[in-house]
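> Okay, sequence plus prediction incoming.
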Amino acid sequence: MNRKLLSWMHWRTLQYFLGVGVGSIIVGLSLNALIIPNRIADGGVTGIAIILHYLYLWPVSWVVLILNLPLFLIGLKMVGRKFLILSVVGVGVLAFSLQFTAQVPTLTQDRLLAAIFGGVLSGIGMGIIFRSRGSLGGTDILAVFLSRATPLSVGQILLSIDAVIFTVTAVLFRPEAAMYAMLYMFIATRVIDLVQEGMSHSKAVLVITQEPQGIAREIMSKLERGVTLFQAEGAYSGEAKQVVYCVVNRTELTQIKEIVHERDPRAFLTISEVPEVVGEGFASWKGH
């Protein structure tokens with residue numbers, strides 16, 4: 001194997017481990033500074049660990065480790081070796097972070113603020129972990145295992161597990177605790193998506209037109225954007241049509257619409273959100 005390629009692969013692997021480690025530390029700090037002291041539960045294994053901590057004062061770090069061990073054993077033959085190793089590292093660093101930041105001061109005693117900013121911090125940490133090809137283990141592996149033994153999907157099983165956790169939280173610590181937990185989870189999920197997909201403002205433009213060549217030329221000359229043409233057929237009329245497809249920045253939308261309208265006022269145009277674009281003219285493959 002080429003020595004330069006081998007060196008690059010080693011560097012990428014190191015980046016993944018660093019990303020998983022940094023993300024896990026951020027999640028640990030979020031839990032200790034905002035979530036645990038304000039009695040806000042989490043989903044999955046961490047949520048179970050937090051509930052047991054509330055009930056019996058068991059250290060969250062040790063419970064997270066102990067509960068994840070059998071799940072990793074289950075997952076040995078179900079997930080990739082690299083993913084499993086990175087996930088073990090993630091859980092280990094999370095447990096370390098929870099243990100050694102247990103005495104950090106609580107940032108706020110307002111549970112609403114704790115749920116919001118805890119969700120933001122945990123979402124950032126989890127997003128970094130996912131971008132680094134890792135995870136924090138937990139019920140994801142259990143869900144994959146159960147999905148093979150039951151007619152339920154992975155998503156349905158995860159949702160059921162979290163529903164049980166939130167129900168237990170509501171019963172033991174009043175319904176408000178479960179509501180804050182769900183708010184925290186919702187925000188964290190949205191931030192995870194943002195970290196993984198980036199803050200892209202790109203739009204995908206699709207035009208069905210009788211003037212595909214002219215529209216394509218103007219887009220390429222005026223906006224310097226790549227354009228793809230492909231064949232289509234009207235389902236009702238059976239008429240052959242050409243479709244113009246390109247991705248542009250939000251600021252270029254007005255120009256696109258002007259070009260299309262001038263060339264073919266009867267064109268059919270759709271514009272849709274594009275969460276992430278990688279390639280020439282947009283983000284590079286570096287970091288992906």
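That came in fine, so what should we check first?

> Hmm, Ala143 is touching Ile161, no?
Yes: the pair Ala143 / Ile161 is scored as a contact, 7.2 Å apart, by Cβ atoms under 8 Å. C-beta coordinates here come from the backbone N, C-alpha and C atoms, glycine included.

> ok, and for the lowest-mean-pLDDT helix or strand in the chain, which residues are buried?
Taking mean pLDDT, DSSP states H and E as the measure, the chain has helix 139-149 as its least confident helix or strand, at a mean of 76. By neighbour count on 16 or more other Cβ atoms under 10 Å, the buried set for helix 139-149 is Thr139, Asp140, Ile141, Leu142, Ala143, Val144, Phe145, Leu146, Ser147.

> Show me what it is packed up against.
Packing partners of helix 139-149 (3 or more Cβ pairs under 8 Å, 6 or more residues apart in numbering; DSSP states H and E): helix 44-56, helix 60-74, helix 154-173.

> what about those, which gets the closest to Arg263?
helix 154-173 (44.1 Å; Cβ to Cβ).

> deepest of the helices and strands packed on helix 139-149, which one?
helix 44-56 (a mean of 21; mean count of other Cβ atoms under 10 Å).

> okay, that helix in CSV with CA atoms only?
C-alpha atoms of helix 44-56 as CSV (Å, rounded to 0.1, in the frame of the first residue of the first chain):
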residue,chain,number,x,y,z
GLY,A,44,-31.0,5.1,26.7
VAL,A,45,-28.4,3.8,29.1
THR,A,46,-27.4,7.2,30.3
GLY,A,47,-31.1,7.9,31.3
ILE,A,48,-31.2,4.6,33.2
ALA,A,49,-28.0,5.5,35.0
ILE,A,50,-29.3,9.0,35.9
ILE,A,51,-32.5,7.5,37.4
LEU,A,52,-30.5,5.0,39.4
HIS,A,53,-28.3,7.8,40.6
TYR,A,54,-31.4,9.8,41.8
LEU,A,55,-32.8,6.8,43.6
TYR,A,56,-29.7,5.2,45.1
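
> Work out the gap between stretch 75-92 and the centre of the chain.
18 Å (Cα atoms, centre = their mean, to the nearest Å).

> again with stretch 62-70
Chain-centre distance of stretch 62-70: 24 Å, with Cα atoms, centre = their mean.

> cool, and stretch 47-57?
Using Cα atoms, centre = their mean, the offset of stretch 47-57 from its chain centre is 26 Å.

> for the stretch 101-250 of the chain, what spans make up the helices?
Secondary structure of the stretch 101-250 of the chain (DSSP state H, counting those that start in this stretch): helices located at 111-131, 139-149, 154-173, 175-197, 212-218.

> Now distance to Val27 too, for these, in a markdown table please.
Formatted as a markdown table, these follow (distance: least, Cβ to Cβ, whole Å):
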| stretch | distance to Val27 |
| --- | --- |
| helix 111-131 | 4 |
| helix 139-149 | 15 |
| helix 154-173 | 17 |
| helix 175-197 | 9 |
| helix 212-218 | 47 |
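
> need the longest strand for the chain.
strand 240-249 (DSSP state E).

> so where's the chain shaky on pLDDT?
Within the chain, the set of residues satisfying pLDDT under 70 comprises 1-9, 79, 144, 154-155, 197-201, 277-288.

> Walk me through the domains of it.
3-197, 202-274 (automatic domain parsing).

> Burial-wise, tell me which of those domains comes out on top.
With a mean of 18, the top stretch among the domains of the chain by mean neighbour count (mean count of other Cβ under 10 Å) is domain 3-197.

> Relative to the whole chain's centre, how far out is it?
With Cα atoms, centre = their mean, you get 13 Å for domain 3-197.
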